[in-house]
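> Just the structure for this:
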Amino acid sequence: MITFPYLESLNSKQRDAVIHTEGPLLVLAGAGSGKTRVITHRIVHIIHHGTAPYNILAVTFTNKAAKEMRERVEALIKKYPPSERAAIDSLPVVTTFHALGVRILREFHEQLGLPRHFTIYDRADTLRAVKSAVEKAGYSPKEFEPKKILSKISRAKGDAITAPEYKLSASSFPDQVAANVWEHYETILHAEHALDFDDLLIRTLGLLKNNPVVRETLQKRFKYIHVDEYQDTNAVQFSIAKILAGEKANVCVVGDIDQNIYSWRGADIKNVLQFEREFPGAQTILLEENYRSTKTIIAASNEIIEKNKNRVAKEVFTSNEEGEKITLYAAMTGQDEAEYIALTAKSLIEGGANPTDIAVLYRTNFQSRVLEEAFLNYQVAYQLLGTKFYERKEIKDVLSYLRLALNPGSNADLVRVINEPPRGIGKVTMLKVVEGNRSELKGATLEKVERFDQMMMDIADEARTKPLSETLKFIIKRTGIEVELKKSGTEEDLSRLENLQELVTLGRRYDDMSPEAAVEALIETAALQSDQDELKDKEEQDAVRLMTIHSAKGLEFPYVFISGLEEGLFPHERLDDTGIDHEEERRLFYVAITRAAKKLFLTYAHLRTIYGSQRVNLPSSFLNDISTKYIEGGNPNDRGGTSGYEATVWLD
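Numbering: from 1, shown residues only. Next up, the predicted model:
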């Protein structure tokens, strides 16, 4: 009997998934259950059974995940080399969906009438082209927001809908406008030999559907297909995987419905729920043993997620130790909460924990500002994953308006904001304004510049006479930034609006100063804090991580803080009045909890200042889903907070 030593490190369910190589396989993998281990060992197992590595495809969602999986596969192949010569002459294709699309489109570019080195539009390129398409379609970009139209087009492409199909089904006037703009947008893309990010997938799918030669070539090449994070696939990604799998359907998908947190980006949970219907004869294997977290953390996460209805039931368990109870801290204010987190992290580090073992997670970007401030005040090195608060575009825009109002000679600020948001002032006009040649301006162009001048005078009047928080509110409204971000309605722009609301909250701190002194103090704080944020490489590697929960997906840390557990914040109520998706928010909380291996801290604030107003908060309803036996109160450290255990009303 042939034995395979690489199977010895797997548990029975992992082994079943690895050795089931023929036909469709759905692996429902709980958090920390070793799904990447299953995929990498399965690839090696297939190679050991005589398949050339280049006939194996594995697809995931991020470059980081693809790189790590590729390295693990290569390490396993070196550790357990097969006898077949093909195994050492090639490697499996481990990539992301978009990179796979680029690879296929470049290889078969002639069939699509594209040059091999076609241009790939980034976000800025795409918005520029959509704005041009709006104008070519005979609409005004002020009336029909390019970002909103782009969002409609992008979502349709993700749902595998083509431009002609979209036009046929467009019933409302906004959809008809988007359909007309889409036609002109496609003309622009074609003229510039360009594809946008969504095209990398939708054009790949079209090629596979409409070209039998290409389809058969790729089906023969990729005899075994693996899809990681399957719960995050949209309609196009699902269709690409299904077509590539062909009649043999040697496709293994690994995912977890309970970690589906990207429905707003087009991820379709039905791809998991209906896998057995789409692939008749499919086998399903549950990976329920968690190797990451303590029994206490796993028990709490199970209690959270079992409340969801739209899922495949599974009970994650672990053989790890019982572990410490979950600490719940109820802060009096958001600042108190941030200080508690920073001081507790500092205490953990002084007790021997590595700073990189600690992560602070939050639901929305704006929460990072007060956390950054606390970590700086208590001299705890941190690394913010994502853009630092004062470096975010919308924050820099408002601060530029503020600086320009009190310093009209600041050309750098003038250039930044004169057409932000767009108000029809072009580069030539802007250059004349900067160079002091306003006398050359005439007609409508002159009127636009004069309206801008008047707006800046209004802002200057506010900045010299009103409290800083009121001035910031005025800028956000008077400049049109608020309307612009609300009109778009995208998740990204609503998040930017929340960041601006947090800037107003910050401004209240300076309201007891004279108006101009307050402006100077805020601008100085932004500049100095930005400088302090530029941690050196060594410090970046040896620092506490601050990030949104979405950014934390796929990562793990011994110590995890989840902050802002308040109704309306987490679960999060969107600013576009669409309410709360409780099931997705609960999945997001589940993802956050299961990032923790050793110790979990949950925090919330009774009072939090949002958009300059202090709000009294109820603790998150999610906290009532966790049994009190897993919870202990946090140490208030004499800063006015209370034990969350004592302050929370438990309804279980």
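
> where does the chain dip in pLDDT?
Applying pLDDT under 70 to the chain flags residues 1-3, 84-89, 264-267, 386-388, 489, 524, 527-541, 574-580, 635-652.

> Which parts of it belong to which domain?
5-102+203-287, 119-192, 297-386+539-633, 390-532 (the TED database).

> Could you save those domains as TSV and add columns showing mean neighbour count?
Where you see a C-beta, it was placed from the backbone N, CA and C, and this is true even at glycine. Below are the domains of the chain laid out as TSV (neighbours: other C-beta atoms under 10 Å):
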stretch	mean neighbour count
domain 5-102+203-287	19
domain 119-192	17
domain 297-386+539-633	20
domain 390-532	17
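
> Mind putting these into a markdown table with distance to residue 111?
Below are those laid out as a markdown table (distance: least, C-beta to C-beta, whole Å):
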| stretch | distance to residue 111 |
| --- | --- |
| domain 5-102+203-287 | 6 |
| domain 119-192 | 15 |
| domain 297-386+539-633 | 35 |
| domain 390-532 | 34 |
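
> Nearest to residue 110, out of the ones you listed?
With C-beta to C-beta, the closest approach to residue 110 among these belongs to domain 5-102+203-287: 10.5 Å.

> how far does the closest one stretch from start to finish?
21 Å (C-alpha to C-alpha, to the nearest Å).

> Counting by contacts, list what the helix of greatest length in the chain packs against.
Assignment by DSSP state H gives helix 443-465 as the longest helix of the chain. If you count contacts as 3 or more C-beta pairs under 8 Å, 6 or more residues apart in numbering; DSSP states H and E, helix 443-465 packs onto helix 393-406, helix 427-434, helix 468-478, helix 515-533.

> quick check, residue 94 in a helix?
No. Residue 94: not assigned to a helix; according to DSSP: H, G, I helix; E, B strand; the rest coil it is strand.

> separation between it and residue 58?
5 Å (C-beta to C-beta, to the nearest Å).

> Now for the two: what residues contact both?
Overlap of the contact sets of residue 94 and residue 58 (by C-beta atoms under 8 Å, 6 or more residues apart in numbering) consists of 69, 73.

> so what's residue 511 up against?
467-469, 518.

> circling back to that earlier point, need the contact partners of the longest helix of the chain.
By C-beta under 8 Å, 6+ apart, helix 443-465 touches 401-402, 404-406, 408, 418, 423-425, 429, 433, 438, 441, 470-471, 474-475, 478-479, 515-516, 519.

> now do 6 Å
If you take C-beta atoms under 6 Å, 6 or more residues apart in numbering as the criterion, helix 443-465 is touched by 405-406, 424-425, 429, 441, 471, 474-475, 515-516, 519.

> Quickly name whichever of the residues you listed is closest to residue 330.
Lowest distance from residue 330 to the contacts of helix 443-465 (C-beta to C-beta) belongs to residue 471, with 33.3 Å.

> I'd assumed residue 13 was in a helix, is it?
Yes. Assessed with three-state DSSP, residue 13 lies in a helix.

> measure it to residue 314 for me?
11 Å.

> check contacts around the closest residue to residue 318 other than its chain neighbours.
Leaving aside its sequence neighbours, residue 318 sits nearest to residue 290 (C-beta to C-beta, 6 or more residues apart in numbering; 4.3 Å). When contacts are counted by C-beta under 6 Å, 6+ apart, residue 290 touches 32-33, 298, 316, 318.

> Columns secondary structure on top of these, output as TSV?
What follows is those, written out as TSV (three-state DSSP):
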residue	secondary structure
32	coil
33	coil
298	helix
316	coil
318	coil
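
> Give me the spatial nearest neighbour of residue 70, chain neighbours excluded.
Nearest to residue 70 is residue 94, by C-beta to C-beta, 6+ apart, at 4.1 Å.

> so that neighbour makes contact with residue 57?
No. Between residue 94 and residue 57 there is no contact under C-beta atoms under 6 Å: 8.0 Å.

> before we move on, back to that, residue 565: which of the contacts of residue 290 is nearest?
Closest to residue 565, out of all of these and judged by C-beta to C-beta, is residue 298, at 19.1 Å.

> Now name the helix or strand holding residue 216.
helix 212-221 (DSSP states H and E).

> Can you tell me, leaving aside adjacent residues, what's nearest to residue 49?
Per C-beta to C-beta, 6+ apart, closest to residue 49 is residue 21, 6.9 Å.

> Now that neighbour, what are its backbone angles?
phi -100, psi -20 (degrees, to the nearest 10).
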